[in-house]
Every structure is written in C-alpha cells, then in structure tokens.
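J.: Fold the stuff below for me.
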Amino acid sequence: MTQLDDILARVDADIPQSLDRLFQLIRIPSVSTEARYAADCRRAAEWLRNELENLDFSATIRDTAGHPMVVAHGPAVPGPHVLFYGHYDVQPVDPLNLWNTEPFEPSLVPQPDGETHILGRGASDDKGQLLTFIEACRAFKAVTGALPIRISMLFEGEEEAGSPSLGPFLAEHGDDLRADAMLVCDTDMWDRDTPAITTMWRGFVSEEFEIACADRDLHSGMFGSAARNAAQVIGTIIGKLRNDDGSVAIPGFYDGVADLPQAIADQWSRLPFDASKFLADVGLSTPAGETGRSVLEQVWARPTCEINGIWSGYTGDGFKTVIPARASAKLSFRLVAGQDPHLIRQLFRNYVQGLLPPDCTVTFKAYAAAPAQMMPLDGTLLTKAREALTDEWGREAALAGTGGSIPILGEFKRQLGMDALLIGFARFDNRIHSPNEKYDLSSFHKGIRSWVRILAAFSENNP
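T.: Residues are numbered from 1 along each chain as shown. This next block holds a predicted model:
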C-alpha cells in the first residue's frame, strides 16, 4: 500500500468520528439573519477555531461589524499555498412544521436505494461540505503527522445574509489571506455519481425603473386613448428588450462576448444532460433563449436579460377602470466574461430613454452589480484536481458552469487577485434553504476522500 492508500483507509475507518463532529456542528443553530442567534454564530466560530487548533493550525476569531470570521493557517511547507473558504452560518428553519425531524438535531435516515441521508439544517449548506475538507486535513495529520501543502482557511458567518462584512474584512486583512488559489466546497456534483469543478459563473446587474406619464391615475372612459398609459409604455419597452431570436436587443450588449471555447463545448456535449427533461421538470418544453444555442450554453455561458417583477395601476379585488400614471419593473442581467456590469447598466438606461414616447419620464434605481469570472482551464491546480476527482469517483470530472452569480468570489479576485476552484459534493435534491435539508452520507464520505486525493496531487511530493 502507498501512503495515499493509508490516508484513504484512515478516512474510511474514522467516518463514525467524522460524523460525530459534523453532528456537533449542526447542533449549533448558527442562523445569521436572526439576531437571537448571534451567540450561537459565535459558538460555531469558536467550535471551528478549536477543531483547527487541535490540528495544529494557528486559528483565531476575528470580529467584524457582524458575525465573526475564523482565520487559520497551517505550517509553511513546500508546494502551493491554498486558502479554503466556507461558511458556518445557516438559513432560518421556517416553516418549522414542514420538517420531519428537529432541524438542529441531526439524524441518519437510511433510504430505499441504499443511501443514507444526514438530516439537519446546514448538513449540506455548508457545514457538511466544509467539514469534508477539515476531515481530509485530519486524516493527513493522523497518518503522516503533517499537512501535504501550505493550507489556510477562512470561515465566515454571514454568507446567508449576503456577506456584508466580507469586503471590508478583505480590505483590512487581505495580506493575511492571500494565497496561490482559493478552494470552495459549496457547490453541487454534476449528477449523483459524477464530480464537478465549477469553472465559470456569471456576473449580474440588477435594476429597477419607473415610467411616469400623467400627474395622477386617470378615468379610462374620460381619458382613454388620449392619455398616455404608463403600463402600456412599460410593457412596450419590456417587449423590445429581446429580439425574435431570443437575443437581447440592447445595442452594444454583446460587445466583448466570446463564443464558448471549443474544448469546453466538446466536454459539455459529453455530459449526461437531458435538455428536454431539464425544461419538462418545470412544466416547459421549448428553450426561449438565443436560437441555435444549447440549453447548457444558454444557462451557463450566455448573458441574459430577465424581468423579475412588474407592477402598475389597480391590482386589488374587484375592478377599477383607471389609466395608470406610473408603472415600475425590476429586472436583472446575468453577464459573462468580457462584459462590464457598469457599462451594461448604462447601456440599458440609454436604451430605455431612447424608447420613451412624449409626455413620459423614467427614473432608475441601481441595485447590486458584479462581473463574471472564469477559471483558466489549463491551470495546473485545476488539472490536478480534475484528475484526482476522476480517480476517486471513477468518472471523468465535469468542468461545469453555473448560471448563478457568486459575488464573494468577485471580492477575492478584485481585492486579492485570487482565482477559485469550486469543488462541491452536494446533490441537487439536498433541499438547501428548505425544510428537511439533507446531505448524503456517501457525499460526505467520498468528499473527504476526494480532498485527500486533491491535496496529495497538489503536493510537490505526492504520497
């Protein structure tokens, strides 16, 4: 047996103890968005600090304007320096009556298919996921007495609240956190048996605008046709945001947008993905995005413009025959590499102003914005991580995209210049943010084994 085999065998033997530690952490109700749990959030941070100190990390709790951060550093050893990021806070449990078990009293529930579910709030998002990495470090220490590379960790307690303290914390403590790469375990596998590395995530721009016409709502019989209808105006503008082929009609919107690299397109074509089922599962049948683009390309690699809400006039019970004087809408853009979110916001505003008819004005309200990111696909660490995942799972690890946006990673890139490897072992049915959240025992177990293989691959002298 090789030393790597010995470490993996130690992981297998220690799963009961690893589960016990996970249960201890789940039992701490670290809900970041409710003030009554503030002490529990600190208790979760202290639990992590203590565990890391037991593994010979130099671990400290750093106070912020909100919940504390945990920062830990392992010894300086040869090889790359990685920063592992996770969050110890969890979502609220409401509605409590929909839980089959106590949210903060974890349990193991065998399933008919032979799987076992770890039930509890935070089991998947993100306590079970972050512990896969810590337990991999523990196995290395138990067998070899040392970590294979230089490892730092950062755990925050406000991710579920939008990470308001993270940007200021990075600005103040960035030099203490800078590493060669960032590792994140807060994402999904491709399917139940196929691991994935998320290599691209979209940026976003969110915006609200209001159209104003007359100085008050008008009687539709007395002013119909003669008076401009704000609801009609905003409907016309919204209707002109997309072309008939599904593309976004705003001039300049696609400037800088490149086609999907052929290597990625080829790899995605090999993924077990059923586009028809993807839409059928939500009651749809026909892709609505750009004609000629696959569904995966539409949701991972192409920019979008989506209406998130629209309101105007009278919407109460019964009927009120008015011509609305004002109409409002919220919309969001998902962006890809090559698009500047601030420029996209301005292009949108210019486009709307150019579509205004006489007697109408528009006001805008800006919400959040962040650029898209994409990992270099030929990076040494990415290549090694993919090979390690393939070895553990027996399937080619997918290089996946995500249609969502991850603003915190933009902060790390902007302030520290760090790229991130997103390697998670959650499954799509983990019910994160919902009642009866679960994490598959096999995900937890093989997640630990996967990190052992990845860290060994990162090492200059692989065990």
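
J.: Could you use CA atoms for every contact and neighbour count after this?
T.: Noted.

J.: Could you pull out the helices in the stretch 1-150 of the chain for me?
T.: 3-13, 15-26, 38-54, 127-144 (DSSP state H, counting those that start in this stretch).

J.: Show me what the last one is packed against.
T.: Using 3 or more Cα pairs under 8 Å, 6 or more residues apart in numbering; DSSP states H and E as the contact criterion, the elements in contact with helix 127-144 are helix 3-13, helix 15-26, strand 81-87, helix 441-458.

J.: from those, which stretch is densest packed?
T.: Counting by mean count of other Cα atoms under 10 Å, helix 441-458 has the highest mean neighbour count of the helices and strands packed on helix 127-144, with a mean of 24.

J.: Spatially nearest residue to Ala327, not counting backbone neighbours?
T.: Closest residue to Ala327 apart from its sequence neighbours, by Cα to Cα, 6 or more residues apart in numbering: Ser312 at 4.5 Å.

J.: Ile323 is in contact with that neighbour, correct?
T.: No - in this structure, Ser312 is not within contact of Ile323 by Cα atoms under 8 Å, at 9.5 Å.

J.: Quick check on those two: which one has the bigger neighbour count.
T.: Set Ser312 next to Ile323 and count neighbours by other Cα atoms under 10 Å: Ile323 wins out with 27 against 19.

J.: wait, what's in contact with the more buried one?
T.: Asp217, Leu218, His219, Ser220, Phe223, Gly224, Ala227, Arg228, Asn229, Ala230, Gly313 (Cα atoms under 8 Å, 6 or more residues apart in numbering).

J.: is it true that Ala337 touches Met374?
T.: Yes - using Cα under 8 Å, Ala337 is in contact with Met374, at 7.0 Å.

J.: of these two, who's got more company?
T.: Ala337 (19 against 15).

J.: Identify the residue nearest that one in space, chain neighbours excluded?
T.: Spatial nearest neighbour of Ala337, excluding adjacent residues (Cα to Cα, 6+ apart): Ala372 at 5.2 Å.

J.: neighbours around that neighbour, how many?
T.: Close neighbours of Ala372, defined as other Cα under 10 Å, add up to 26.

J.: Distance-wise, check the spatially closest residue to Leu55 that is not a sequence neighbour relative to Val11.
T.: Counting by Cα to Cα, 6+ apart, Leu55 lies nearest to Arg138, which is 6.6 Å off, once chain neighbours are set aside. Distance, Arg138 to Val11, by Cα to Cα, to the nearest Å: 9 Å.

J.: Which parts of the stretch 251-400 of the chain are strands?
T.: Using DSSP state E, counting those that start in this stretch, the strands found in the stretch 251-400 of the chain span residues 304-312, 322-323, 326-335, 361-370, 373-374, 398-402.

J.: From the contact counts, what lies against the third one?
T.: Contacts defined by 3+ Cα pairs under 8 Å, 6+ apart place strand 326-335 against strand 203-212, helix 230-239, strand 304-312.

J.: of all these, which lies closest to Arg49?
T.: Nearest to Arg49, of all the helices and strands packed on strand 326-335, is strand 203-212, at 32.8 Å by Cα to Cα.
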